[in-house]
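Trainee: Kindly generate the corresponding structure for this input.
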Amino acid sequence: MDTFWQHQPRYPSAMMYHKPTQNSTRRILWLLVAGLLSVAAFGAFRSFQLRMPGFDQTAILIDDLPTETAQSQLPSPQPAAATAVPATATPQLEATSEPTPISEMAAPPNDPPQFAQNGEIGIADGIVPEGTTVFDSDLPAIANLDPTLLNALRQAANDAAENDVVFNVTSGWRSPAYQNQLLQEAIINYGSEAEAARWVASPATSTHVAGLAVDIGPYKALDWLIQHGDNFGLCQIYGNEVWHYEYRAEAIEAGCPEMYLDPTHDPRMQP
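Mentor: Below is the predicted model:
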């Protein structure tokens, strides 16, 4: 018995736990070696990518940054270079539909056709400042109107004022020089004498030169005159000129006469 125990380890528990401790240490060492090999391999791969021709290094670097930082590091987009156009090139216009013929166009319904004035025509020739009314007797365009027409206009304006309607005069009496200037400019703007005659009469036939016509605005005043103008003998004469009014005494009892299509249909406008 004594001989047997002399050959046995004195501390059997020490032998029991010695081998597992060595195995754990070896596993840890292998894991560290594997990790170092993985890092080295990844570094070598990235280095190979960065050396590849045409590879976007900026994209790789930015991908590693946080989202907001990466966005701030992105290069600003550069505008595309403009294509040079030869100086002798003829600009190509985009095809459009056929323009409306001038004969089918209507002038603004709250104002007569107005054209640029030269320096020689002024207030004395019948030009009216903006905001002129039928009560501005100091202006030749108003003072030189036919007294019967002017009286009817003022009576109508007084009645319309009760409904907050104001009659603005856009044109009244005109001198022959002013009328001729308007006619010449209309020929240029409308392209022919025949078309211009639909809007502007000659000095010899114009009822504005005779003081027998007045042009009224704005829309609210025209609407009022359409409904009540005949009660004062005030009538629209031409279908294409809703602003042009003349006095017709018979309208007070029988209503306004039928309108002409335009001035070229008016016998008074024939030379």
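Trainee: what helix or strand does N189 sit in?
Mentor: helix 176-190 (DSSP states H and E).
Trainee: Give the buried residues for that helix.
Mentor: The neighbour-count check on helix 176-190 (16 or more other Cβ atoms under 10 Å) flags 178-183, 185-187, 190 as buried. The way it works is simple: take the backbone N, C-alpha and C, and place the C-beta from them, glycine included.
Trainee: Kindly report the same for stretch 153-166.
Mentor: By neighbour count with 16+ other Cβ under 10 Å, stretch 153-166 contains the buried residues 153-154, 156-157, 160, 165.
Trainee: where does the chain have low pLDDT?
Mentor: For the chain, applying pLDDT under 70 flags the ranges 1-24, 39-119.
Trainee: Outline the domain layout of it.
Mentor: Domain ranges of the chain: 2-73, 107-269, per automatic domain parsing.
Trainee: show me the contacts for T205.
Mentor: 268-271 (Cβ atoms under 8 Å, 6 or more residues apart in numbering).
Trainee: again with A204
Mentor: Going by Cβ under 8 Å, 6+ apart, A204 touches P271.
Trainee: Which secondary structure element is home to it?
Mentor: Under the criterion DSSP H and E, no helix or strand holds A204.
Trainee: quick one, phi/psi of L29?
Mentor: Backbone torsions for L29, taken as degrees, to the nearest 10, come to phi -60, psi -40.
Trainee: Is there a neighbour count for it? I'd like the number.
Mentor: The number of residues packed near L29 is 10, by other Cβ atoms under 10 Å.
Trainee: partners of the strand ranked longest in the chain, with directions?
Mentor: Looking across the chain with DSSP state E, the single longest strand is strand 241-247. Sheet pairing for strand 241-247, assigned by DSSP bridges, gives strand 213-217 (antiparallel), strand 234-238 (antiparallel).
Trainee: Could you work out which of these reaches nearest to E250?
Mentor: Of all the strands paired with strand 241-247, it is strand 234-238 that lies closest to E250, at 9.4 Å by Cβ to Cβ.
Trainee: contacting residues around the closest one?
Mentor: Outside of strand 234-238, the residues within contact range by Cβ under 8 Å, 6+ apart are 152-153, 156, 213, 225-226, 229, 242, 244-248, 251, 256-257, 259-263, 266.
Trainee: again, but for stretch 260-271
Mentor: The contact list for stretch 260-271 (Cβ under 8 Å, 6+ apart) reads 194, 197-199, 201-202, 204-205, 207, 237-241.
Trainee: Most widely separated two among these?
Mentor: Taking Cβ to Cβ as the measure, the contacts of stretch 260-271 span a maximum distance of 23.2 Å, between A204 and G239.
Trainee: the helices in the chain, which residues?
Mentor: 2-6, 12-51, 57-63, 67-73, 140-143, 147-161, 176-190, 193-196, 219-228, 251-254 (DSSP state H).
Trainee: Put the alpha carbons of the last one into CSV.
Mentor: The reference is to helix 251-254. Provided in CSV are the C-alpha atoms of helix 251-254 (Å, rounded to 0.1, in the frame of the first residue of the first chain):
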residue,chain,number,x,y,z
ALA,A,251,-82.2,107.0,-78.6
ILE,A,252,-83.9,108.6,-75.5
GLU,A,253,-87.3,107.4,-76.9
ALA,A,254,-86.6,104.6,-79.3
